[in-house]
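Peer 1: Turn this into a structure:
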Amino acid sequence: MRWTKIGIVASPHAVGEYFDTLAELPAVMLTDVAFTQRPGRALVAGPGARTFIDGEALIDGCSAEVVIIAAAVKNADLAARALKRGRHVILVSPWHVAPGQFAQLVDLARRRGKLLLFSQPAAWAADIVVASRAIALKGQRPFAMRGTLVTRDAVTVAELMEQALALSRMVLGAPPETISAAGGVHYASVSLFHASGQAAHFQLSAGETKRERTVTLLSEHHSWRLDLDQPRRMVSGDTAGRVVPLQRVESSPLRTPLGLELVHLLRALKREEQPVLSHTEVGDIVLAVEAAKRSLLGMGAPIQTAAIQPVKDVVRPQLRSIKGGGHGAPDVARPILTVVS
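Peer 2: Residues are numbered from 1 along each chain as shown. All right, here's what the predicted structure looks like:
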């Protein structure tokens, strides 16, 4: 049996969640761990797992062939480093990747012949994947989508926007043409408008005393309401004009959104499945997040996604040493000054 060796760069809490899930998977070995912050208590990542001081040290010296990166603002730099070192990369939400960085990472992965996958557990909650596939098979996308993402965690609104825009991209099947977002650091109201006439509206809030994460899908004769915090299976039946009946799924680390997605990503690494979020879809989400951020800074001004151009790295001119220190050189003829009276 061939084992898949995995390294993780993440917070102690996230490492613990991944270890709980990976422990239930066959032929998977967590070999290397780097914490983005000091653990508050003794934390064992697993038998034989090596702990590194930082993400750069792990990428340079680990034995893992796949690196899961959840290092916030350092994500893009660490992902590029890992790809250059010949490792497959799974980038964890919140991605913290700008449009220009995304394009560079995709190009680097292609040139190095490595897989670059994007983790978005929100897309696996409440059978969003199952719903989006069923909708695509029937050829009838919802014309409207409403969502509420309220959490107790003190995350930034950018993370909630990424989740909302990923859900919208998967279910509605196309990127938005115009985005409007108004709010603050931990709350926002986001509206997405598509060229096809489809629309999505999300209310986002973090750091509250309650938690609610629900999505309602509206089509001509049907509606669906999904609770993102309850992994459930949709059952068939006459649902015209009603909420789709749901039944509870037995609790297990592999039945959580993270577990369902991790199984899928490992199959994608073995090329047994196509990634649910393709690079095209991730690129649309990254672009939409950038538009939403700009609209938020512009106090709700609508932003067209087509108007956003990725910022390319500035190519700086190479410095050259000048012979003679810039004061002339013996092998260069000096100009002659002729005075004419």
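Peer 1: Can you tell me the number of residues neighbouring residue 183?
Peer 2: For residue 183, the count of nearby residues is 19 (other CB atoms under 10 Å). Yep, even glycine has a C-beta here, placed from its N, CA and C like the rest.
Peer 1: Could you report the separation of the closest residue to residue 109 other than its chain neighbours from residue 74?
Peer 2: Nearest residue to residue 109, sequence neighbours excluded (CB to CB, 6 or more residues apart in numbering): residue 116, at 3.8 Å. Applying CB to CB, to the nearest Å, the value for residue 116 to residue 74 is 16 Å.
Peer 1: Settle it for me: which of these two has more neighbours?
Peer 2: residue 116 (23 against 17).
Peer 1: OK, contacts around the more buried one?
Peer 2: Residues near residue 116 by CB atoms under 8 Å, 6 or more residues apart in numbering: 79, 83, 88, 89, 91, 105, 106, 109, 279.
Peer 1: Kindly recompute the last result at 6 Å.
Peer 2: Residue 116 makes contact with 89, 105, 109, according to CB atoms under 6 Å, 6 or more residues apart in numbering.
Peer 1: nearest to residue 59, of those?
Peer 2: Comparing the contacts of residue 116 against residue 59 with CB to CB places residue 89 closest, at 9.5 Å.
Peer 1: ok so, going back, so among the contacts of residue 116, which ones count as buried?
Peer 2: The neighbour count (16 or more other CB atoms under 10 Å) marks 89, 105, 109 as buried among the contacts of residue 116.
Peer 1: now those in JSON lines, with pLDDT and secondary structure?
Peer 2: As requested, the buried ones among the contacts of residue 116 are exported to JSON lines (pLDDT from 0 to 100; DSSP: H, G, I helix; E, B strand; the rest coil):
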{"residue": "89", "pLDDT": "98", "secondary structure": "strand"}
{"residue": "105", "pLDDT": "97", "secondary structure": "helix"}
{"residue": "109", "pLDDT": "97", "secondary structure": "helix"}
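Peer 1: Tell me the one among those residues nearest to residue 194.
Peer 2: Minimum distance to residue 194 across the buried ones among the contacts of residue 116 is 26.6 Å, recorded for residue 105 (CB to CB).
Peer 1: And that closest one, how far from residue 80?
Peer 2: From residue 105 to residue 80 the distance is 6 Å (CB to CB).
Peer 1: What of residue 15?
Peer 2: 22 Å.
Peer 1: next one: residue 18
Peer 2: Distance, residue 18 to residue 80, using CB to CB: 22 Å.
Peer 1: Over to residue 8?
Peer 2: Taken as CB to CB, the span from residue 8 to residue 80 is 18 Å.
Peer 1: more crowded one of the two?
Peer 2: A direct count of neighbours by other CB under 10 Å for residue 8 and residue 80 places residue 8 higher, at 29 against 18.
Peer 1: check which helix or strand covers the residue nearest to the more buried one when sequence neighbours are not counted.
Peer 2: Once flanking residues are discounted, residue 8 sits nearest to residue 68: 4.7 Å by CB to CB, 6+ apart. Element membership for residue 68, per DSSP states H and E: strand 66-69.
Peer 1: how far does that strand sit from the chain's center?
Peer 2: 13 Å (CA atoms, centre = their mean, to the nearest Å).
Peer 1: Give me the neighbour count for residue 195.
Peer 2: By other CB under 10 Å, the residues close to residue 195 number 11.
Peer 1: ok, it - contacts?
Peer 2: Applying CB under 6 Å, 6+ apart to residue 195 gives the contacts residue 177.
Peer 1: Go again with 8 Å.
Peer 2: Per CB under 8 Å, 6+ apart, neighbours of residue 195: 174, 177.
Peer 1: Could you look up the SS state of it?
Peer 2: Recorded secondary structure, residue 195: coil (DSSP: H, G, I helix; E, B strand; the rest coil).
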